[in-house]
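Asks: sequence and predicted structure are below.
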Amino acid sequence: MLASVVAIGAFGASNSFAAATSTTATGTVIVPIAIAKSADLVFGKFAPGAGGSVTVSTSGARTGSGVILSSVGSSPTAAKFDVTGDGAATYSITWSGDTELSTGAGGVGETMALARISDLTGSNATSGEVTSGTLTAGAQSIYLGGVMTVGAAQVTGDYTGSVTATVEYN
């Protein structure tokens, strides 16, 4: 017992070498990122001619190579997606969906290849895909054009497909 009392007296009841501090835990809930389509990608009317391609730039300008473009009843447009979210946040863009347009019931029938073109300014881009953006005051638009490959014997009809833009905060 005397050894226990001596040990407590020599070392004390507490450790004089200990130190402690605290931290404050915080978190901020931000506005979820959202995307909405405000315009569809429209190639307009054309005849296959010798075959070739129809391009709609990200500004909606249309050109053709080897095809005969019709101006009657045609209003080509680039697709436009409006992204909203938190302040000046950065985000990634992932593209998916059809790489060809098709005609016929349920998308079964004739097809034409589709290559996507996109940018953040609608500045008449005719190649490339944008993969990220930065919101300005919580908003930014993404513009989508494309190149459609047309065969010389392309079957007459309305061709459709679906392209999906997915956005996610970085």
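Replies: Now that the structure is in, tell me what you want to look at.

Asks: next, the residue nearest to A89 when sequence neighbours are not counted: phi, psi?
Replies: Of all residues not flanking A89 in the chain, L135 sits nearest, at 5.2 Å (C-beta to C-beta, 6 or more residues apart in numbering). Bear in mind the C-beta positions are built from the backbone N, C-alpha and C, glycine included. Phi and psi for L135, reported as degrees, to the nearest 10, are phi -70, psi 140.

Asks: L135 and A61, how far apart?
Replies: Separation of L135 from A61 (C-beta to C-beta, to the nearest Å): 27 Å.

Asks: tell me which of those two has more neighbours.
Replies: L135 (20 against 13; other C-beta atoms under 10 Å).

Asks: next SSE after the strand or helix carrying T63?
Replies: T63 is located in strand 62-65, with elements delineated by DSSP states H and E. Remark: after strand 62-65, the chain's next helix or strand is strand 68-69, criterion DSSP H and E.

Asks: adjacent strands (with direction) for that next one?
Replies: Strand 68-69 has its sheet partners listed here by DSSP bridges as strand 46-47 (antiparallel).

Asks: who's in contact with the partner strand?
Replies: V54, G64, V67, I68, L69, S70, S74, V150 (C-beta atoms under 8 Å, 6 or more residues apart in numbering).

Asks: what about the residue lying closest to F81 once chain neighbours are set aside, is that helix, strand or coil?
Replies: Nearest residue to F81, sequence neighbours excluded (C-beta to C-beta, 6+ apart): I142, at 4.4 Å. What DSSP: H, G, I helix; E, B strand; the rest coil gives for I142 is strand.

Asks: likewise for the one 10 residues further on?
Replies: Secondary structure state of A152, per three-state DSSP, is coil.

Asks: do you know how far K80 is from G49?
Replies: Separation of K80 from G49 (C-beta to C-beta) stands at 29 Å.

Asks: which of these two has more neighbours?
Replies: Neighbours were counted for K80 and for G49 using other C-beta under 10 Å; K80 has more, 18 against 15.
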